[in-house]
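1. sharing a sequence plus its predicted fold:
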Amino acid sequence: MENPRLHLAEQFVLHTRKNIFLTGRAGTGKTTFLRNVLKKTKKKYIVVAPTGVAAINAGGVTIHSMFGFPLTAFTPDQQPTDLNLANNRSSLAKHLRYNRDKLKLLREIDLLVIDEISMVRADLLDAIDFALKRTRKKDQPFGNVQLLVLGDLFQLAPVVNQSVWHILRKYYESPYFFAARSWERSEPITIELTKIYRQNNQEFIDILNRIRYGDCSESDINCLNKNYKPDFKPGEKKYVTLTTHNHKANRINTGKLNELPGKSVTYSAEIVRQFNENAYPAEAELTIKEGAQVMFIRNDTEGRYFNGKLAEVIEADKDDLRVRFEDGETLYIEKVTWENKKYELDKETNDIQAKVLGSFIQYPLRLAWAVTVHKSQGLTFDRLIVDLGETFASGQAYVALSRCTNLDGLVLLSPLQPKNIIVNDQIVRYHDQAPKEEYLGKALEDAKIRFAGDQLKSLFDFDSIVFLTEEWVRQLEEKTIPEKKQALELIDRIQKNLNNWHRINRSFKSELHYLMIKYSKTKDSEQIQNRINKAVFYYTNAINNELILPVKKHADSLQYKTGIKKYLTFVKEFLDAAWLQIDRLYNATFFGEDIYKGEKKYRKDLSRDTTSKKKKRSRKGATLEDTLTLYRQGKSIDQIAGIRSLATGTIETHLARLIGQGDLLIDEVMNRERVEKISFYMLNHDDLTLTMLKSKIPFEVDYSDLRMVKEHLSRIK
């Protein structure tokens, strides 16, 4: 990798659990880095962002939708607060009553990516910390989830009104994310990308860097003001005007569009299923004309255009939309799809996957005579007209100027003044704490070793099984199932085993910690491999013998019971978690190398899993099949009733219906002579009810006999 800092950042993400703030001035490749590193990582990750549009563009979800947060502030204590403005720990907890699927998802996360971190307030980051700790039952910062946060603090700031800040200022020095208590406790590292990919003029790069820090000189301002041209009118070359307010950009675009001859054409976006209007990534109604100046708002997968590339519309009708680029090349444009996603856990692999909830389909274009500073983030323009006469937010002058690739293509409609350069001193101080490259290299090696050791230790935590056992107890408290007492006794034994393993693990992990210290000095992993191999052998045997086999036996005993489909589904989930734990132990790695060298004795596919049989209970007649199966296994009616937790009369009715269907011969159930005697009376009195017939027959007979014979006679007729 040609950029050493990008390589360092990648290594920290892939091979450590260190929390990382990846920053860098505009054009340093943060977005490209994120896309590439997520393709490489084996960690289970989710991507979130503070706004709907940012989340869609990052391929993730909003922070609030992911964690179920209310749209109020968060105070990180138990002190009473105005619930219209903020929630404390207790009141926020009421919003975090996740369903089972969300709980499992949050407990599986290894890596949480937060894009556009500059817009995330400190209290929101502390709320994430609170939610993850509470859900995962881990007291480490963020519940032991690694955070990768990306953004440029010198760009857009978090929004906080005075009434909310009046509450939050008691807890935070500033509203920026780095003031969060959880962030400081997590001992994060900052990696600043310094190689510029957008600008290539060193003088311009240096000026932008000083503006970013708010320490530009008079000569810098004078240099930029050479480009002050208040009456500038673009000629043939295409310029984009950057403004601070939406109404200005809209006025310019509408005016330019109206000046063009011909009719306007409006293209409506197609909204498929769920897509929040506030998160639309493009215009729902795109109105353009031939001759309109447009820009692309998305990168093309085939590389024909990129986010921010300018073009002119040369054909616009109902069926076709064609543009011409500045080099003369033309292109027919096709609509593209943006996806609204949610994260969920794959029940088979236990991997986190993104499920598409809805789609937004539209041409990836926007009128581009003017655009706001806010919407220009991430874009690049060769020629730019900047109007900063009403700069109103920290960092806006820097964002606007850094959109341009070169000084020659920059035009200022109003002269740049020192008051336009607004920079927050707290940002500068935090930024100045960023470690040097030499320190990062040493920190990386230490963090890699610590992460490798933590990964080995985590193999023996059995958290997912502990969580499921606790839920099993709750389910049994709410349900009435056959053999409930035996089920509770089984869970009690499992919990005692888990507690015993936890006690053993304390000693084992201390030993492993000592071995990792030795490894850091010698790089000899033989002792670690021997110790892990013994532990894997011990625990795979223990999981199989003390968890899987007794739970399977319990499931087998309930195989033919009725009304417990959901319960057996949960038992199967418990068994799947146990098998997954065995697989994790067998497939353990140490710095990318397999560490377990022994026999992989236990495999799910080698074990008869009766709980996963397709018993087709939902199909009509499946309950009769269960009775028939047990009867043909030699079970008596009383035994079947006991196994299935049904009345003997119900089982007798099942047998009668099976005889009527031809699935069971009456000779398999009743003596032939008795069948013939009952048949004689039934055939001669076929107009009588069973009750009347029972009184007519001169020998002892019960209703089950009568029903079976009646079904038999109906069958042979």
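-> Sure thing, it's come through. Residues are numbered from 1 along each chain as shown.

2. for the rest of this, base every contact and every neighbour count on C-alpha atoms.
-> Fine.

3. where does pLDDT dip in the stretch 351-500 of the chain?
-> Within the stretch 351-500 of the chain, the stretches with pLDDT under 70 are 377-378, 389-395.

4. quick one: the strands in it?
-> With strands called from DSSP state E, counting those that start in this stretch, the stretch 351-500 of the chain shows them at 352-362, 365-367, 370-372, 384-386, 410-412.

5. helices or strands next to the last one in the packing?
-> The contact analysis (3 or more Cα pairs under 8 Å, 6 or more residues apart in numbering; DSSP states H and E) places strand 410-412 against strand 384-386.

6. partners of the strand it packs on in the sheet?
-> strand 240-243 (parallel), strand 410-412 (parallel) (DSSP bridges).

7. doesn't F142 lie inside a strand?
-> No - per DSSP: H, G, I helix; E, B strand; the rest coil, F142 lies outside any strand segment and is helix.

8. that one contacts R134, doesn't it?
-> No - checked against Cα atoms under 8 Å, the pair F142 and R134 is beyond contact range at 9.3 Å.

9. more crowded one of those two?
-> F142 (26 against 15; other Cα atoms under 10 Å).

10. ok, and the closest non-adjacent residue to that one?
-> Closest residue to F142 apart from its sequence neighbours, by Cα to Cα, 6 or more residues apart in numbering: D129 at 4.2 Å.

11. got a list of what that neighbour touches?
-> 141-143, 182 (Cα atoms under 8 Å, 6 or more residues apart in numbering).

12. which strands or helices does the helix ranked longest in the chain pack on?
-> Looking across the chain with DSSP state H, the single longest helix is helix 484-522. Counting contacts by 3+ Cα pairs under 8 Å, 6+ apart, helix 484-522 is packed against helix 437-458, helix 463-478, helix 526-543, helix 549-557.

13. would you turn those helices into CSV with mean neighbour count?
-> Below are the helices and strands packed on helix 484-522 laid out as CSV (neighbours: other Cα atoms under 10 Å):
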stretch, mean neighbour count
helix 437-458, 16
helix 463-478, 15
helix 526-543, 17
helix 549-557, 17
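
14. JSON lines please, covering the ones you listed and showing distance to I46.
-> Below are the helices and strands packed on helix 484-522 laid out as JSON lines (distance: least, Cα to Cα, whole Å):
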{"stretch": "helix 437-458", "distance to I46": "19"}
{"stretch": "helix 463-478", "distance to I46": "19"}
{"stretch": "helix 526-543", "distance to I46": "30"}
{"stretch": "helix 549-557", "distance to I46": "33"}
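
15. and these: which comes nearest Q362?
-> Closest approach to Q362 among the helices and strands packed on helix 484-522 (Cα to Cα): helix 463-478, 42.6 Å.

16. for the longest helix of the chain, list every residue counted as buried.
-> Neighbour-count burial for helix 484-522 flags 487, 490-491, 494-495, 497-498, 501, 505, 508-509, 512-513, 515-516, 519 (criterion: 16 or more other Cα atoms under 10 Å).

17. same deal with stretch 408-427?
-> Quick answer for stretch 408-427 (16+ other Cα under 10 Å): 410-416, 420-423, 427.

18. in helices only, show me the residues you listed.
-> Filtering the buried residues of stretch 408-427 for helices - DSSP H - leaves I427.

19. quick one: which of the buried residues of stretch 408-427 is nearest K102?
-> Out of the buried residues of stretch 408-427, the member with the shortest distance to K102 (by Cα to Cα) is I427, at 35.1 Å.

20. so the closest one touches L156, yeah?
-> No - I427 lies out of contact with L156 (Cα under 8 Å); the separation is 11.8 Å.
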